[in-house]
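**Q** please find the sequence and the predicted model below.
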Amino acid sequence: MSKVIVAYRNKEFLELVESLGYEILYSIFMGDNRNPKYYLSKGKMEEIREKADALKAERVIVDAILKSSQWYNLENSFNIPVDDKVRLIIDIFADRARSKEAMLQVEYARLQYEIPHLRELVHQLRSGEHPGWMGGGEYEIADYYQMIRRKMARIRRSIEKMRLQREERRKMRKKAGYILVGIAGYTNSGKSTLLKALSGKDVVIEERMFSTLSTRTSKIGKEKILITDTVGFVEDMPPWLIKAFEPTLEEIYNADIVLLCMDGSDSSEILERKMNLSLDILGSRVKGK
């Protein structure tokens with residue numbers, strides 16, 4: 001269990017951190033004051049550095065999508081690893097992935113996330129900056145960068161094969177007269193519970209973020225209706241990360257009917273925010289459904 005310090009904007013982020021099994025030693029509300037170089041303000045930086053040293057924290061997690069330069073500056077300042085929200089989500093995905101396709105999609109997303117960080121390390125080395133605890137010379141980093149590019153190309157080819165196989169299955173189901181229903185919604189909103197209620201099947205339900213990464217399809221009774229649950233949405237997911245899981249989300253995009261699942265215990269303000277987020281992700285791909 002990694003011991004971490006968390007700089008957060010809202011309490012939901014703390015749930016994300018805890019869902020990965022991290023021990024939160026100290027949490028600090030970031031506020032609105034920002035230093036563009038570090039993202040965090042000078043005062044918050046000093047507080048985190050002091051707490052990290054005193055509590056022997058192993059990493060700092062920031063509730064933001066950091067620029068690669070901000071990530072570099074924070075790691076150099078704290079001398080321990082720094083993760084932003086995107087890295088945290090990718091790590092959660094990696095922890096939840098069970099199918100071969102989900103594992104490949106997570107690995108592709110992780111490699112894509114690393115690319116701008118590697119570029120930043122090369123930039124700092126060329127500028128005469130020492131990479132600090134991160135180590136590695138320019139040529140080592142450049143070699144690793146090329147290796148990542150080659151690996152991403154291999155993963156893309158494998159994912160495309162699986163996507164085509166799934167597309168063929170959808171065509172066969174439609175040809176057989178089945179109506180395809182896709183369940184969309186925010187992570188941990190009850191999508192798996194809805195799938196279990198509609199299908200009557202023994203679906204494993206876990207009260208944790210991103211418990212579903214792969215698609216799960218069940219038949220509704222004796223009717224020619226197939227209903228599919230897939231990965232949930234979360235705020236601040238950048239477009240490239242959503243695209244990494246697009247082959248899985250195609251089960252929603254290509255459904256005849258899309259059910260948008262919401263958590264009724266949320267306040268009206270949160271419901272509206274999550275509704276808008278979900279519709280932004282689904283966009284014109286499900287227009288008219």
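**A** All right, it came through fine.
**Q** quick one, strands of the stretch 51-200 of the chain?
**A** 59-62, 82-83, 179-185 (DSSP state E, counting those that start in this stretch).
**Q** can you get me a residue count around S158?
**A** 13 (other C-beta atoms under 10 Å). Placement of C-beta: from N, CA and C, glycine included.
**Q** typed the wrong thing, it's I220
**A** The local packing of I220 (other C-beta under 10 Å) involves 16 other residues.
**Q** and what of K171?
**A** 11.
**Q** tell me, what's the model's pLDDT at it?
**A** Looking at K171, its pLDDT stands at 92.
**Q** which residues touch it?
**A** With contact set as C-beta atoms under 8 Å, 6 or more residues apart in numbering, K171 has no partners.
**Q** from memory H117 sits against K67, does it?
**A** No. With contact defined as C-beta atoms under 8 Å, H117 does not reach K67; the gap is 10.1 Å.
**Q** how long is stretch 72-90 end to end?
**A** End-to-end distance for stretch 72-90, by C-alpha to C-alpha, to the nearest Å: 19 Å.
**Q** which of the residues in that stretch are buried?
**A** 72-78, 80-90 (16 or more other C-beta atoms under 10 Å).
**Q** re earlier: quick one: closest of the strands of the stretch 51-200 of the chain to R149.
**A** strand 82-83 (23.1 Å; C-beta to C-beta).
**Q** so which elements touch that closest one?
**A** strand 59-62, helix 68-78 (3 or more C-beta pairs under 8 Å, 6 or more residues apart in numbering; DSSP states H and E).
**Q** where among the ones you listed is average confidence lowest?
**A** Looking at those, the bottom one is helix 68-78 with a mean of 95.
**Q** residues in contact with that helix?
**A** 36-40, 45, 48-49, 52, 60, 62, 66, 81-82, 84, 116-117, 119-121, 124, 132-134.
**Q** how far does that helix sit from its chain's centre?
**A** Its chain's C-alpha centre and that of helix 68-78 lie 21 Å apart, by C-alpha atoms, centre = their mean, to the nearest Å.
**Q** same thing with stretch 193-202?
**A** 25 Å.
**Q** then stretch 167-185?
**A** 26 Å.
**Q** can you pull the buried residues of it?
**A** In stretch 167-185, counting by 16+ other C-beta under 10 Å, buried: R170, Y178, L180, V181, G182, I183, A184, G185.
**Q** now the terminal residues of it, how far apart.
**A** 22 Å.
**Q** if we can go back for a sec, tell me the one among the buried residues of stretch 167-185 nearest to I220.
**A** V181 (7.9 Å).
**Q** low-confidence regions, the stretch 151-289 of the chain specifically.
**A** Along the stretch 151-289 of the chain, segments meeting pLDDT under 70 span 202-214, 284-289.
**Q** at 50 instead, please
**A** The stretch 151-289 of the chain contains no residues with pLDDT under 50.
**Q** give me the neighbour count for E269.
**A** E269: 8 neighbours (other C-beta under 10 Å).
**Q** so K3 makes contact with A57?
**A** Yes. The pair K3 / A57 is scored as a contact, 5.6 Å apart, by C-beta under 8 Å.
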